[in-house]
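Visitor: coordinates only, no sequence provided:
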């Protein structure tokens, strides 16, 4: 995915939701942000392979 | 099995039947499909004796009869002679060891897998009561489906697409074992180099740096477990760390590691996200660096965006975030039960107390944190409940609980009285910096008369540095527990946080102040073991008796009374009769009047100041120290506030002859009151204030 297509806070929010569900417990916003950046980073970089 | 079941002539059938019974009797305790072997020699010896016939003759008959029934008797020629094999179920069929019904295989590599949207469907999210680190194997198939597996192990992206509808052949155990050959076959120029030493595997930095996040960030410990690495060689390729721990497989097969192509991002690909707030994030950079530079701002933006999600898929309480679908619902009965319990305990209760006492949930239960979040989230949305906790101690109050400080102090009035703090006239950090307070966790301050009388402490910068900040953006107050180690008592203290142009304060210490302290005492407040726990102490001293200022609430008058105290005080700040005798002339203004800082200031100076003018043109002079102490009898105020009022008030001026003193010239009353006064009044006489600015209290002046 090209970074231009990414809207911070909207793109891949479903994946963030999946991660939250799978973790099974509430997460601090710091951890949520870290995971969200990881998801976005994957979305941008993995497509390029 | 009967005689008729056997083949051959009648005599052969009878003979075969007898041999079969002999052999099955011999193997009566065998498994039904176990082979029962007997040699032709033994059979001939036994039957020759039984029928009194020649051994060779009967051996030939047996051999012929059993060969006629080769479907039941298998003939084996061995070194020990001819053996016949049969079983209790008839013909012996060798047992097959082929595993064609493997549950493990069907579970991990189903023939017709369903598409999955959520890895939590596959991996259990429940946690055991006692956390144990146990390896959990998830096949590559599911990892690929969930986007968890390293894609480079799969032959191609196209193969991934097929795997959702076709049998998982590309990632079957046999194929995975063959994966190195596939990688070797790739025409990589790097593979041509004779680099096969295992230390190069460790030295190769790209895989380690390029993909550290999946290992750290993924909540499932599956990827980090070393066991699958031993069983299957491909995790060694994907994760260089286990290679260091167990170098043997790498030494045996170094080629795949060398041949692994580093993940490359085309230089022309745009990886920079530009936010509407003006921030730019380059996703090519390590996430730790991004968080270090822009973490706080991004947290704020992300939380705003999550809150704006129209589907409300993720909800929050404080800094905690949780899927809305996972939030446990609380019905009306639950809410009523919680409210009744708080009222029964007669004080705000923590969420953990509510959960333990009403729901009997144990913190070791897997869903404890989720339930705790649900409770806090639901209560926060209910108007009958108010959050009065801090981070680390989430307390809930409800309608009907008694006010902490009674009705002597009204919130609206105190908010306006302490508004000078949010207006910038706060000099509470002159003696102790915010950093030192925050770091040491202790604060020492002087107790003024107003604080002593009403049990309140202004929420100034020094208090701000000590107590926790509001956990929620719309939080008005928090409940703290102040313990007195000197008297083994504890007090519930309410923090009213500043809001808008209104100041904040702490209330609830009236009993402690009035029982153990006097105005002018030095108190020390220190953080306790819990976020909402504090200690309050003072320096003890020898018994002292003095006539100190008190407020007679029934008469609404100040007066001096004999008080005995045992605490160390700042003698200059003690409102004693010997030094501040005029204080008894102060009016106990209603709180509504005390909000007006200028009015209070004029009244203070008129009562406490020295008359330096004439009867017709009164002027009053007062020192800043006396003014500050007197001002804090009626309401809290800082030196900065008083200086601001004195410098900007038209009727006030600095006394040029006496540094540190200020003069106040009351405006002339309308109608020229002084003109009606006889002119022969002696100047310098100790006159009463000529102007009665507080009409309804005029009768109480004397």
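Guide: Structure's in. What do you need? Predicted model, so just to flag it, every value in this text is computed and none were measured.

Visitor: residue contacts, the residue of the stretch 301-450 of chain B found nearest chain A?
Guide: Here the residue of the stretch 301-450 of chain B nearest chain A is residue B:305; by C-beta to the nearest C-beta that distance is 2.4 Å. For every residue, glycine as well, the C-beta is placed using N, CA and C. Contacts were defined as C-beta atoms under 8 Å, 6 or more residues apart in numbering or on different chains; by that measure residue B:305 touches A:8-10.

Visitor: most surrounded residue in those?
Guide: residue A:9 (21 neighbours; other C-beta atoms under 10 Å in any protein chain shown).

Visitor: could you pull up phi and psi at it?
Guide: For residue A:9, the backbone dihedrals (degrees, to the nearest 10) come out as phi 90, psi -10.

Visitor: please tell me how far it sits from residue B:473.
Guide: Computed as C-beta to C-beta, to the nearest Å, the residue A:9 to residue B:473 distance reads 18 Å.

Visitor: follow-up on the earlier one: list just the nearest of the contacts of residue B:305 to residue B:455.
Guide: For the contacts of residue B:305, the closest approach to residue B:455 (C-beta to C-beta) belongs to residue A:9, at 46.0 Å.

Visitor: just the pLDDT for the closest residue to the closest one other than its chain neighbours.
Guide: For residue A:9, the nearest residue in space outside its immediate sequence neighbours is residue B:305; the separation is 2.4 Å by C-beta to C-beta, 6 or more residues apart in numbering or on different chains. At residue B:305 the predicted local distance difference test score is 91.

Visitor: my read is residue B:305 is in a strand, agree?
Guide: No - Residue B:305 is assigned helix when assessed by DSSP: H, G, I helix; E, B strand; the rest coil, not a strand.

Visitor: quick one: it and residue A:31, what's the gap?
Guide: When distances are taken as C-beta to C-beta, residue B:305 and residue A:31 turn out to be 16 Å apart.

Visitor: which residues are in contact with the residue in chain A that chain B sits nearest to?
Guide: The nearest approach of chain A to chain B comes at residue A:9, 2.4 Å away (C-beta to the nearest C-beta). The neighbourhood of residue A:9, defined by C-beta under 8 Å, 6+ apart, consists of B:301-302, B:304-306, B:308.

Visitor: hmm, 7 Å instead?
Guide: Residues in contact with residue A:9, defined by C-beta atoms under 7 Å, 6 or more residues apart in numbering or on different chains, are B:301-302, B:305-306.

Visitor: what's the most distant pair in those?
Guide: Taking C-beta to C-beta, the two most distant members of the contacts of residue A:9 are B:301 and B:306; they sit 9.7 Å apart.

Visitor: more crowded one of the two?
Guide: In this comparison of residue B:301 against residue B:306, neighbours counted by other C-beta under 10 Å, the higher total goes to residue B:306 at 22 against 18.

Visitor: pretty sure the more buried one contacts residue B:315?
Guide: No - in terms of C-beta atoms under 7 Å, residue B:306 does not count as a neighbour of residue B:315; the distance is 8.3 Å.

Visitor: how close does the nearest residue to residue B:652 once chain neighbours are set aside get to chain A?
Guide: The shortest distance from residue B:652 to any residue other than its chain neighbours is 4.4 Å, reached at residue B:646 (C-beta to C-beta, 6+ apart). Distance check for residue B:646 against chain A: by C-beta to the nearest C-beta, to the nearest Å, it reads 47 Å.

Visitor: residue B:103 now?
Guide: Applying C-beta to the nearest C-beta, one obtains 24 Å for the distance of residue B:103 from chain A.

Visitor: same thing with residue B:458?
Guide: Summarising the geometry, the distance separating residue B:458 from chain A, computed by C-beta to the nearest C-beta, is 32 Å.

Visitor: contacts for whichever helix in chain A runs longest?
Guide: Assignment by DSSP state H gives helix A:29-46 as the longest helix of chain A. Where contact means C-beta under 7 Å, 6+ apart, the residues beyond helix A:29-46 that reach it are A:1, A:3, A:6, A:11-12, A:15-16, A:19, B:213, B:217, B:265, B:271, B:283, B:287, B:290-291, B:295, B:298-299, B:302-303, B:319, B:321.

Visitor: repeat for stretch B:398-412
Guide: If you take C-beta under 7 Å, 6+ apart as the criterion, stretch B:398-412 is touched by B:339, B:342-343, B:346, B:384-385, B:454-456, B:492, B:494, B:496, B:507-508, B:510, B:591.

Visitor: could you flag which of those are buried?
Guide: The neighbour-count criterion (16 or more other C-beta atoms under 10 Å in any protein chain shown) marks B:339, B:342, B:385, B:454-456, B:494, B:496, B:507-508, B:510, B:591 among the contacts of stretch B:398-412 as buried.

Visitor: turn these into TSV, columns for secondary structure, pLDDT and distance to residue B:332.
Guide: Supplementary listing: the buried ones among the contacts of stretch B:398-412 in TSV, determined by DSSP: H, G, I helix; E, B strand; the rest coil; pLDDT from 0 to 100; distance: C-beta to C-beta, whole Å:
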residue	secondary structure	pLDDT	distance to residue B:332
B:339	helix	95	10
B:342	helix	95	16
B:385	strand	93	13
B:454	helix	92	39
B:455	coil	93	38
B:456	strand	93	37
B:494	strand	93	28
B:496	strand	93	31
B:507	strand	93	33
B:508	coil	92	32
B:510	helix	92	38
B:591	helix	87	39
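
Visitor: what about residue A:38, neighbour count?
Guide: Counted with other C-beta under 10 Å, the burial measure for residue A:38 works out to 20 neighbours.

Visitor: can you read off the pLDDT for it?
Guide: pLDDT, residue A:38: 92.

Visitor: gap between it and residue B:283?
Guide: When distances are taken as C-beta to C-beta, residue A:38 and residue B:283 turn out to be 9 Å apart.

Visitor: repeat that for residue B:513.
Guide: As defined by C-beta to C-beta, residue B:513 lies at a distance of 57 Å from residue B:283.

Visitor: buried stuff in the longest helix of chain A?
Guide: A:29, A:31-45.

Visitor: ok, those vs residue B:362, which is closest?
Guide: When the buried residues of helix A:29-46 are compared for distance to residue B:362 (C-beta to C-beta), residue A:31 wins out at 24.2 Å.

Visitor: so the residue of the stretch 401-550 of chain B found nearest chain A: helix, strand or coil?
Guide: When you check the stretch 401-550 of chain B against chain A by C-beta to the nearest C-beta, the closest residue turns out to be residue B:471, at 12.5 Å. Using three-state DSSP, the structure places residue B:471 in coil.

Visitor: chain center to stretch B:586-600, what's the gap?
Guide: Averaging C-alpha positions (C-alpha atoms, centre = their mean, to the nearest Å) puts stretch B:586-600 45 Å from its chain's average.

Visitor: quick one, strands of the stretch 251-400 of chain B?
Guide: If you assign secondary structure with DSSP state E, counting those that start in this stretch, the strands in the stretch 251-400 of chain B sit at B:272-274, B:280-282, B:314-317, B:320-323, B:349-350, B:385-387, B:395-398.

Visitor: oh, that last question was meant for the stretch 501-650 of chain B, not what I typed.
Guide: Going by DSSP E, counting those that start in this stretch, the stretch 501-650 of chain B shows strands at B:505-507, B:522-527, B:533-538, B:540-552, B:557-567, B:610-611, B:620-623.

Visitor: out of these, which is the most enclosed?
Guide: Across the strands of the stretch 501-650 of chain B, the average number of neighbours (mean count of other C-beta atoms under 10 Å in any protein chain shown) peaks for strand B:505-507, which reaches a mean of 25.
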